[in-house]
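3D, please:
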Amino acid sequence: IIHGHAIGLEAPEDSPAFDLGAVGVPDGVQYNLIPRAGMFANPQPSPEQVTPSGEVSYRIAFMQAIDPNNSPFSNYRLGLMDRDGSNVRFVFPLEGQSGLSPGGTLAWSPNGRLLALIYQGNLWVIDPDTGLNQQLTGDGLSDQPRWAP
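Residues are numbered from 1 along each chain as shown. Next up, the predicted model:
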């Protein structure tokens with residue numbers, strides 16, 4: 001997460017802008033991938049996957065603030081992108097539903113095909129390719145999703 005430039009008359013250190021970026025290895029070049037993602041974007045790379053062409057690849061799940069000017073208190077939506085920042089799309093929650101709580105965690109399945117997250121205190125599993133999702137708990141007491149290998 002990169003603290004962005006001032007967007008108004010505030011001092012630079014008081015800017016509400018937080019971008020999602022990456023640093024190239026070994027050159028150290030910084031790349032801004034998602035502008036105004038929010039303070040709690042919490043990017044999570046998937047496990048590596050081998051494409052049909054034999055290329056090793058992965059995706060990145062991240063959160064984007066619904067109100068980026070107030071990201072510490074905003075709800076968030078779940079986004080996905082390819083490792084180079086391309087093909088950004090948002091998969092959860094569905095349009096018209098309230099967003100995810102700030103600071104929530106994500107967990108990729110060991111094969112990188114599903115995501116687990118907490119939404120309104122319950123555990124959900126999401127297929128990021130289709131957008132299909134399923135609520136697994138209903139007591140509102142779930143926290144910190146993890147997958148066992």
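
quick check: mean pLDDT across stretch 66-82?
What stretch 66-82 shows for mean pLDDT is 94.

contact partners of that stretch?
By Cβ atoms under 8 Å, 6 or more residues apart in numbering, the surrounding residues in contact with stretch 66-82 are 7, 16-18, 33-34, 36-41, 57, 59-65, 87-93, 98-102, 104, 106, 115, 117, 126, 128. Bear in mind the C-beta positions are built from the backbone N, C-alpha and C, glycine included.

Can you give the distance of it from its chain's centre?
Offset of stretch 66-82 from its chain centre (Cα atoms, centre = their mean, to the nearest Å): 8 Å.

Next, the buried residues of that stretch.
Buried residues in stretch 66-82, counted by 16 or more other Cβ atoms under 10 Å: Pro68, Ser71, Ser74, Asn75, Tyr76, Arg77, Leu78, Gly79, Leu80, Met81.

Then stretch 91-107?
For stretch 91-107, by 16+ other Cβ under 10 Å, it's Val91, Phe92, Pro93, Gly99, Leu100, Pro102, Gly104, Leu106, Ala107.

What sits closest to the residue nearest to the spatial centre of the chain if chain neighbours are left out?
Ranked by distance to the mean C-alpha position of the chain (Cα atoms, centre = their mean), the top residue is Phe62 at 1.0 Å. Distance criterion Cβ to Cβ, 6 or more residues apart in numbering; nearest residue to Phe62, sequence neighbours excluded, is Pro43 at 4.4 Å.
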